[in-house]
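Asker: model this:
(one chain, ligands or ions: 1)
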Amino acid sequence: MLTAKGERWHRSRHPWIYRDDLQAVDGSAAGQIVQVKAADGRPLGQAFCNPASKITLRWLTDNAEEPIDRNFWAGRIQQALAFRQRVVRDSNAYRLISSEADGFPGLIVDRYGEVLVLQSLSLGIEKVLPMILELLVEQVRPCAVVARNESSIRALEGLPQEKGLIHGKLPERIEIQEGKCRFWVDVLEGHKTGFYLDQRENRLWAKGYARGRVLDAFAYQGGFSLQVAENAEEVLAIEDSAAAVERLNENLRLNGQVRVKAERANVFDRLRELEKQGDKFDLIILDPPAFAKNRGEIRDAWRGYREINLRGLRLLNPGGVLITCSCSYLITEEIFGEILREASRDAHRTVRFLESRAQSRDHPVVLTHPESRYLKCVALEVV
Ligand SMILES: C[S@@+](CC[C@H](N)C(=O)[O-])C[C@H]1O[C@@H](n2cnc3c(N)ncnc32)[C@H](O)[C@@H]1O
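Answerer: Numbering: from 1, shown residues only. All right, here's what the predicted structure looks like:
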């Protein structure tokens, strides 16, 4: 049963209910689907319950009567598939199920051609996972399904860390296609579930700004580098993970791409060196990892983002474009805008705003779930 404050919060349509907003929770409901009631006993709907988690309820449906059974989950998978058919273009790798945004609280399923990779991040979804796996196999017919259940969020839900093949047989190599480029993806060892699928549309869009000399900083396995190379004279890709640089070079060979040079280096150091050498670029892409993972890290993250953006702006030729990203949810669009203003001021450059974007549409943003809009990607032009 919700408190009066909990009911007001629920009316905002946020899909999570916190422990403090509940009058009572049945301790034996861990991982179960529970009926949620208003303070006056009115039924409001049904939710996954985990009394041990601060996010105690995760909303499933406003319909208190609806049976949450095999048919319910089958219908939600069909809806998720139909949505991807509407929004995914030019690729066979995308997010098929995006947690709350698709009505699967705590479940992520990414598709790499014939291979599915999932992450289960809530106790409730973990309990129904065998049924969902069966349905995914029935509806999508993957050759393999891999679980990458290694997130720290699982610990908050009291779930163990684990990864491995849970269905079928993995092909020797997984090759995906994105626009005109091909990539080899390592779904067991790669970052996230193997690839940064949330940047797919931004990578294809960035191509439109590519010309002359391009710098791709925080390059991972060359996602942006390969896309922009088509319109550039040369691309310098910087990445500090040895495994990612190795895979980047393999991806260059796979595409016969010779205009990209990959360097293993720390971006912070390398940007300073490039500036000292008097290097200049026509397009710079900054796609760093999340610098702020909790509120306590915001101040340091602010400094980090300002530093790379300031250097990026100084390294651009007049008319050059900076494509700059932040995937920290805690660095809001407003904060990111303020950081970019500071960077422009400290770089002593006049900077024009061109465009602002979010994550690819297969990672849907739900308006009443602000946490679902986490990726910012801004294009700026130096005058
Ligand atoms: C968000 S990912 C980049 C994704 C990539 N742009 C893509 O589209 O596939 C960030 C990358 O930065 C790398 N990284 C983190 N800190 C770094 C540093 N200080 N210098 C260089 N690379 C770094 C990580 O290894 C990771 O590959």
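
Asker: I'd like the distance between Val235 and the ligand.
Answerer: Going from Val235 to the ligand by C-beta to the nearest ligand atom, to the nearest Å gives 12 Å. Every residue, glycine included, has its C-beta placed from N, CA and C.

Asker: I should have written Ala47 there, sorry.
Answerer: 32 Å.

Asker: Is that residue located within a strand, as I assumed?
Answerer: Yes - looking at Ala47 with DSSP: H, G, I helix; E, B strand; the rest coil, it is inside a strand.

Asker: got the contact list for it?
Answerer: Contacts for Ala47 (C-beta atoms under 8 Å, 6 or more residues apart in numbering) come out as 17, 33-34, 36, 57-60.

Asker: what does Lys169 give?
Answerer: 143-144.

Asker: With just CA atoms, put stretch 16-33 into PDB.
Answerer: Extracted in PDB, the C-alpha atoms of stretch 16-33 (Å, rounded to 0.1, in the frame of the first residue of the first chain):
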ATOM      1  CA  TRP A  16       9.800   3.000  -9.700                       C
ATOM      2  CA  ILE A  17       8.300   3.200  -6.100                       C
ATOM      3  CA  TYR A  18      10.800   3.700  -3.400                       C
ATOM      4  CA  ARG A  19      10.600   2.000   0.000                       C
ATOM      5  CA  ASP A  20       9.900   5.200   1.900                       C
ATOM      6  CA  ASP A  21       6.700   5.700  -0.200                       C
ATOM      7  CA  LEU A  22       5.200   2.500   1.000                       C
ATOM      8  CA  GLN A  23       3.100   2.000   4.100                       C
ATOM      9  CA  ALA A  24       3.800  -1.700   4.300                       C
ATOM     10  CA  VAL A  25       5.600  -4.400   2.300                       C
ATOM     11  CA  ASP A  26       5.200  -8.100   2.700                       C
ATOM     12  CA  GLY A  27       8.700  -9.400   3.300                       C
ATOM     13  CA  SER A  28       7.800 -12.700   1.700                       C
ATOM     14  CA  ALA A  29       7.000 -11.000  -1.600                       C
ATOM     15  CA  ALA A  30      10.700 -10.900  -2.700                       C
ATOM     16  CA  GLY A  31      10.800 -11.300  -6.400                       C
ATOM     17  CA  GLN A  32       7.000 -11.700  -6.700                       C
ATOM     18  CA  ILE A  33       4.400  -9.700  -8.600                       C
END
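
Asker: buried set for that stretch?
Answerer: Neighbour-count burial for stretch 16-33, counted by 16 or more other C-beta atoms under 10 Å, picks out 16-17, 21-22, 25, 29-31, 33.

Asker: the helices in the stretch 201-350 of the chain, which residues?
Answerer: Under the criterion DSSP state H, counting those that start in this stretch, the stretch 201-350 of the chain carries helices at the ranges 223-229, 242-254, 267-277, 298-314, 333-346.

Asker: Would you mark the buried spots in the helix or strand of the chain with the lowest mean pLDDT?
Answerer: Every helix and strand of the chain was ranked by mean pLDDT, DSSP states H and E. The lowest is helix 152-156, at a mean of 88. By 16+ other C-beta under 10 Å, the buried positions in helix 152-156 come out as 153-154, 156.
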